[in-house]
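Engineer: Attaching a predicted model along with its sequence, questions to come.
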Amino acid sequence: MELRHLRYFVAVAEAEHFGRAAEQLHVSQSPLSRQIAQLEEEIGVDLFVSSGRGVKLTPAGQSFLEGARATLARAAQAAEDARATAQGRIGTVMVGFDGALADTLLLPEIVQRFRARHPRVEVRLRPLPSEEQVAALRAGKISVGYGYHSPEDTPLVRFRVLFRERVGVVMSKGHRLAARRTLRIADLKHERILWPPRKEGPRLHDDIVAAFRAHHHTLERVHEEVSGEVILMLVASGEGVSLFPESAAPTLLPGAVFKRVRDLNVTIQGRSAWRAMDDKDPLVTSLLEITNSVHTSRR
């Protein structure tokens, strides 16, 4: 049984006449009659009976009509879904992101714009450290990754730098150093540091530790918190200071301030990453276009 048989059957059932159905289908009546006869033989029941100059459905034919229409509708929808997927109108996009990127407010705007452009596309967000994103891309577990620091492009993975910015210090407005315009690493000696665990950003962690050691200072860590929001709350409460990128300043709580550190030459590089094989994928391409647009508007 083929879809053609079902289309022919539905046409005859609705026209109640082989000749009129043949005209609608743009086929000759004789081949149409043969197709219906083959269908009846395959099913093993009579679908039509003669009625005056036309035909009418038998009880079995009436029952078969409902299923035939449903099957044709599902086939049409499947074809439409395939076209929509190829054109990037439906589908799923898996986005891996480094949790620290939330401090830049970059990703929320990207996702909101993408969802507005593709309302039928599902966007799934997955927290994923920068160091694990390349492996996740290669394994097909994510479509695009947003994180920090990018190695050179490989035959499998592409990277695009979104921003570069220096790391500074966040402290409470009541802190003894809060009135200074800028600071030096020496000013932070013996300060209590609130920081995420090293596994959340090993490269940034090691760069900061190395920068302090180069000035003969050791960071005195008092808390390890995964959430940037929790860290900011503790900082604003006077529990210590923390290290954040400068773009985090707009997200600070009312009781916290950001200060540049003149000799802390640690820079973070935000980037997007995707598989080279997805260069022409319509959803990935659209997401990267929106990413570039948001990045450009932030300059």
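Structural biologist: On my side now, so go ahead.

Engineer: Which strands and helices lie in contact with whichever strand or helix holds Ser50?
Structural biologist: Ser50 is located in strand 48-51, with elements delineated by DSSP states H and E. Under the contact criterion of 3 or more C-beta pairs under 8 Å, 6 or more residues apart in numbering; DSSP states H and E, the helices and strands touching strand 48-51 comprise strand 54-57. Placement of C-beta: from N, CA and C, glycine included.

Engineer: show me where this protein has helices.
Structural biologist: With DSSP state H as the definition, the chain shows helices at residue ranges 3-15, 18-25, 29-43, 59-86, 106-117, 130-138, 202-214, 228-236, 282-297.

Engineer: any chance of those in TSV, plus mean pLDDT, distance to Tyr148 and mean neighbour count?
Structural biologist: Compiled in TSV, the helices of the chain are given as follows (pLDDT from 0 to 100; distance: least, C-beta to C-beta, whole Å; neighbours: other C-beta atoms under 10 Å):
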stretch	mean pLDDT	distance to Tyr148	mean neighbour count
helix 3-15	91	52	19
helix 18-25	91	61	17
helix 29-43	90	63	15
helix 59-86	86	32	13
helix 106-117	89	12	17
helix 130-138	89	5	19
helix 202-214	85	6	15
helix 228-236	84	14	19
helix 282-297	87	14	17
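
Engineer: so which of these comes closest to Arg124?
Structural biologist: Closest of the helices of the chain to Arg124 is helix 106-117, at 10.4 Å (criterion: C-beta to C-beta).

Engineer: Could you name the helices and strands sitting against the closest one?
Structural biologist: For helix 106-117, the helices and strands in contact under the criterion 3+ C-beta pairs under 8 Å, 6+ apart are strand 91-97, strand 121-127, helix 282-297.

Engineer: Please repeat the previous calculation with a cut-off of 6 Å.
Structural biologist: Using 3 or more C-beta pairs under 6 Å, 6 or more residues apart in numbering; DSSP states H and E as the contact criterion, the neighbours of helix 106-117 among helices and strands are helix 282-297.

Engineer: how big is the angle separating the helix it packs on from strand 91-97?
Structural biologist: 40 degrees (axes from the mean of the first three to the mean of the last three C-alpha atoms, to 10 degrees).

Engineer: Tell me what angle helix 282-297 forms with helix 59-86.
Structural biologist: Using the same axes, to 10 degrees, the inter-axis angle of helix 282-297 relative to helix 59-86 is 40 degrees.

Engineer: what does helix 282-297 rub up against?
Structural biologist: Contact with helix 282-297 is made by 88, 91, 93, 109-110, 113-114, 143-144, 162, 272, 274, 278, as judged by C-beta atoms under 6 Å, 6 or more residues apart in numbering.

Engineer: Likewise for stretch 129-141?
Structural biologist: Stretch 129-141 has contacts (C-beta under 6 Å, 6+ apart) with 96, 98, 142, 145, 147-148, 156-157, 273, 275.

Engineer: Also stretch 228-245?
Structural biologist: Defining contact as C-beta under 6 Å, 6+ apart, one finds that stretch 228-245 is touched by 103, 165, 167, 169-172, 191-192, 194, 208, 222, 225, 253, 255-256, 268.

Engineer: mind running it again at 8 Å?
Structural biologist: Surrounding stretch 228-245, the residues in contact under the criterion C-beta atoms under 8 Å, 6 or more residues apart in numbering are 99-100, 102-104, 165-175, 188, 191-196, 208, 222-223, 225, 248, 251-256, 258, 268.

Engineer: Mind checking which of those land in strands?
Structural biologist: Judged by DSSP state E, the contacts of stretch 228-245 include 165-172, 192-195, 222-223, 256, 258, 268 as members of strands.

Engineer: Report the buried members of those residues.
Structural biologist: Judged by neighbour count, with 16 or more other C-beta atoms under 10 Å as the criterion, the buried members of these are 167-172, 192-195, 223, 256, 258, 268.

Engineer: Return the member of those nearest to Ala15.
Structural biologist: Within those, distances to Ala15 taken as C-beta to C-beta reach their minimum at Ile268, with 69.8 Å.

Engineer: quick one: contacts for the residue nearest to Gln133 when sequence neighbours are not counted?
Structural biologist: Using C-beta to C-beta, 6 or more residues apart in numbering and skipping the chain neighbours, the partner closest in space to Gln133 is Gly145 (3.4 Å). Taking C-beta under 8 Å, 6+ apart, we find Gly145 in contact with 95-97, 128, 130, 133-134, 136-137, 272-274.
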